[in-house]
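J.: Got a predicted structure plus its sequence, pasted below:
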Amino acid sequence: MIEQALTLPCGHQIPNRLVKAAMTEGLADAHDNPTARHHRVYSRWARGGAALLLTGNIMIDRRYLERAGNVVIEDVAVLPYLREWARVVHEGGSQLWAQISHPGRQCPRMVNTTPLAPSEVQLDILGNFGRPRAATEADLQEIIQRFATAAGLVKEAGFDGVQIHSAHGYLLSQFLSGRTNLRTDKWGGTLENRARLLLQVVAGVRQKVGPTFPVSVKLNSSDFVKGGFTLDESVQVVKWLNEAGVDLLEVSGGTYEQVEFFKAIPDDEIRDSTREREALFLDYAKLIKAVATMPIMVTGGFRTLTGMNAALQAQHTDLIGLARPFCLDPDLPKRMMTGQLTSLPVPEDGLRLGRGYWGPNSKSGAMRGLNNLVHAGWYYHQIERLGDGQNPQPDYGPRSAMFSHLMHDTGRAIRRKFA
């Protein structure tokens with residue numbers, strides 16, 4: 001099943017079912033442009049045999065970043081950099097799709113002390129995020145235009161598709177959530193109003209890129225936090241996305257407050273059904289797929305060839321999204337399709353996290369925040385090594401990962417400010 005091609009509603013063909021899902025890279029230069037480090041890591045992944053590679057968090061507004069080191073697309077000045085990025089991926093044999101995003105309130109203080117959000121609801125994690133200001137009508141119209149402009153530029157640069165990020169608690173996801181969207185105007189209140197920004201962004205992007213260019217959306221199945229976006233709401237939004245002409249839907253879940261894809265579940269707490277289905281969001285994806293008219297991709301938790309093929313054969317998903325395993329084994333798609341590999345590396349094993357201070361399921365908000373820094377920093381380190389032409393380092397320690405991440409992100413933010 002993983003070797004079969006998939007044709008999208010727009011007519012675009014994806015040559016197999018394995019996708020390198022988005023991971024934020026943090027490799028941009030001080031002017032927010034792609035660099036040779038992007039070329040090296042993406043060339044390595046492209047040669048590994050994945051059907052397509054999704055970039056991580058390309059920002060549409062350099063005032064608001066998910067982290068320093070994000071690539072930003074605002075105008076034609078970035079086109080030469082994007083063209084080279086697409087060229088090296090195509091030479092490696094894969095397609096390149098751009099994930100375009102706005103962080104909303106999930107913009108760190110080092111980048112902007114007053115981020116933009118649906119409402120003035122601050123994200124309180126380790127004091128890392130400032131109190132946001134509520135977006136005005138003019139802000140929202142500009143955001144819609146910025147998404148469309150970015151999509152048009154990646155198409156012009158030779159990318160093969162675009163994904164609109166409306167998951168993981170970023171701006172479009174914040175508008176969908178009753179926890180972060182407290183507005184009483186046409187952009188808040190009912191689900192129809194909260195989904196308005198996402199649907200208008202999709203419409204603007206589609207108008208810009210035309211009917212035959214693939215347009216994808218990444219959507220939470222649930223936020224997994226009290227008062228947040230729910231599965232029932234996600235199912236309804238998918239019905240509206242059907243009418244919007246979306247070509248591919250990626251199903252995920254969680255926000256910075258509840259990072260589902262970093263959680264470690266003890267063996268004795270895993271339900272038998274979860275063991276059988278393997279992927280984190282597959283139970284949710286089945287309900288979404290029942291109403292979706294576009295193909296869907298599930299990302300998170302797939303670790304065995306048997307589990308991937310079972311999910312595809314049961315038609316619970318159409319594409320398999322993989323992210324963290326690429327940090328340790330860039331060649332995994334090719335090796336799986338030739339039968340050399342039947343199970344994927346689990347990066348968490350390399351962290352050797354304990355049950356105490358560094359425990360992945362700590363009840364403390366501060367401990368959970370520190371643990372997320374450990375996990376994120378460890379994966380960033382592997383991506384940086386690949387970007388430098390080096391091999392992964394699976395024995396890299398958790399404390400080194402956290403402190404290296406903080407030091408590097410601080411350095412990138414300072415260089416940006418003085419560039």
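T.: Thanks, I have it.
J.: So, low pLDDT: which residues of the stretch 1-150 of the chain?
T.: The model of the stretch 1-150 of the chain has no residue with pLDDT under 70.
J.: any idea where the strands of it begin and end?
T.: 6-7, 13-14, 18-20, 52-54, 58-59, 95-101, 116-117, 133-134 (DSSP state E, counting those that start in this stretch).
J.: CSV for those, including distance to G210?
T.: No exception for glycine: its C-beta is placed from N, CA and C like everyone else's. Formatted as CSV, these follow (distance: least, C-beta to C-beta, whole Å):
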stretch, distance to G210
strand 6-7, 18
strand 13-14, 17
strand 18-20, 23
strand 52-54, 19
strand 58-59, 20
strand 95-101, 16
strand 116-117, 29
strand 133-134, 34
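J.: Of all those strands, which one comes closest to A310?
T.: strand 18-20 (14.9 Å; C-beta to C-beta).
J.: which strands and helices sit next to the closest one?
T.: strand 52-54, strand 319-322, helix 332-337 (3 or more C-beta pairs under 8 Å, 6 or more residues apart in numbering; DSSP states H and E).
J.: can you put these in a markdown table and add distance to I2 and mean neighbour count?
T.: Below are the helices and strands packed on strand 18-20 laid out as a markdown table (distance: least, C-beta to C-beta, whole Å; neighbours: other C-beta atoms under 10 Å):
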| stretch | distance to I2 | mean neighbour count |
| --- | --- | --- |
| strand 52-54 | 13 | 24 |
| strand 319-322 | 7 | 24 |
| helix 332-337 | 6 | 21 |
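J.: would a markdown table of those with distance to V202 be doable?
T.: Formatted as a markdown table, these follow (distance: least, C-beta to C-beta, whole Å):
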| stretch | distance to V202 |
| --- | --- |
| strand 52-54 | 17 |
| strand 319-322 | 19 |
| helix 332-337 | 29 |
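J.: low-confidence ranges in the stretch 201-350 of the chain?
T.: 259-279, 347-350.
J.: rerun at 50
T.: Flagging of the stretch 201-350 of the chain using pLDDT under 50 yields the residue ranges 260-277, 350.
J.: Tell me which stretches of it form helices.
T.: Listed in chain order, the helices found in the stretch 201-350 of the chain under DSSP state H, counting those that start in this stretch are 231-244, 272-277, 282-289, 305-313, 325-328, 332-337, 347-351.
J.: For stretch 138-156, list the C-alpha coordinates in PDB.
T.: The C-alpha trace of stretch 138-156 is given here as PDB (Å, rounded to 0.1, in the frame of the first residue of the first chain):
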ATOM      1  CA  ALA A 138      -7.900  45.500   9.000                       C
ATOM      2  CA  ASP A 139      -5.400  43.000  10.500                       C
ATOM      3  CA  LEU A 140      -7.600  40.100   9.400                       C
ATOM      4  CA  GLN A 141      -8.000  41.300   5.900                       C
ATOM      5  CA  GLU A 142      -4.200  41.700   5.700                       C
ATOM      6  CA  ILE A 143      -3.700  38.200   7.100                       C
ATOM      7  CA  ILE A 144      -6.000  36.700   4.400                       C
ATOM      8  CA  GLN A 145      -4.000  38.600   1.700                       C
ATOM      9  CA  ARG A 146      -0.700  37.600   3.200                       C
ATOM     10  CA  PHE A 147      -1.600  33.900   3.100                       C
ATOM     11  CA  ALA A 148      -2.700  34.300  -0.600                       C
ATOM     12  CA  THR A 149       0.500  36.100  -1.500                       C
ATOM     13  CA  ALA A 150       2.700  33.500   0.100                       C
ATOM     14  CA  ALA A 151       0.900  30.700  -1.700                       C
ATOM     15  CA  GLY A 152       1.200  32.500  -5.100                       C
ATOM     16  CA  LEU A 153       5.000  33.000  -4.500                       C
ATOM     17  CA  VAL A 154       5.700  29.400  -3.600                       C
ATOM     18  CA  LYS A 155       3.800  28.300  -6.800                       C
ATOM     19  CA  GLU A 156       5.900  30.800  -8.800                       C
END
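J.: buried residues in it?
T.: For stretch 138-156, burial by neighbour count (16 or more other C-beta atoms under 10 Å) applies to 140, 143-144, 146-155.
J.: Find me the pLDDT at the closest residue in space to R399 that isn't next to it in sequence, would you?
T.: Of all residues not flanking R399 in the chain, V374 sits nearest, at 7.7 Å (C-beta to C-beta, 6 or more residues apart in numbering). As predicted, V374 sits at a pLDDT of 82.
J.: can you confirm V374 is in a strand?
T.: No. Applying DSSP: H, G, I helix; E, B strand; the rest coil, one finds V374 to be helix, outside a strand.
J.: quick one: it from N70, how far?
T.: 21 Å (C-beta to C-beta, to the nearest Å).
J.: same thing with E250?
T.: For E250 relative to N70 (C-beta to C-beta), the value is 19 Å.
J.: Which one's more surrounded, these two?
T.: Between E250 and N70, counting by other C-beta atoms under 10 Å, E250 is the more crowded of the two (27 against 24).
J.: Next up, the contacts around that one.
T.: With contact set as C-beta atoms under 8 Å, 6 or more residues apart in numbering, E250 has these partners: A21, Q163, A167, S216, V217, K218, L219, I296, M297, V298, T299, G321.
J.: I'd say the fourth one and L248 touch.
T.: Yes. Using C-beta atoms under 8 Å, S216 and L248 qualify as a contacting pair, with a distance of 4.0 Å.
J.: So for these two, which residues contact both of them?
T.: By C-beta under 8 Å, 6+ apart, the residues touching both S216 and L248 are G161, Q163.
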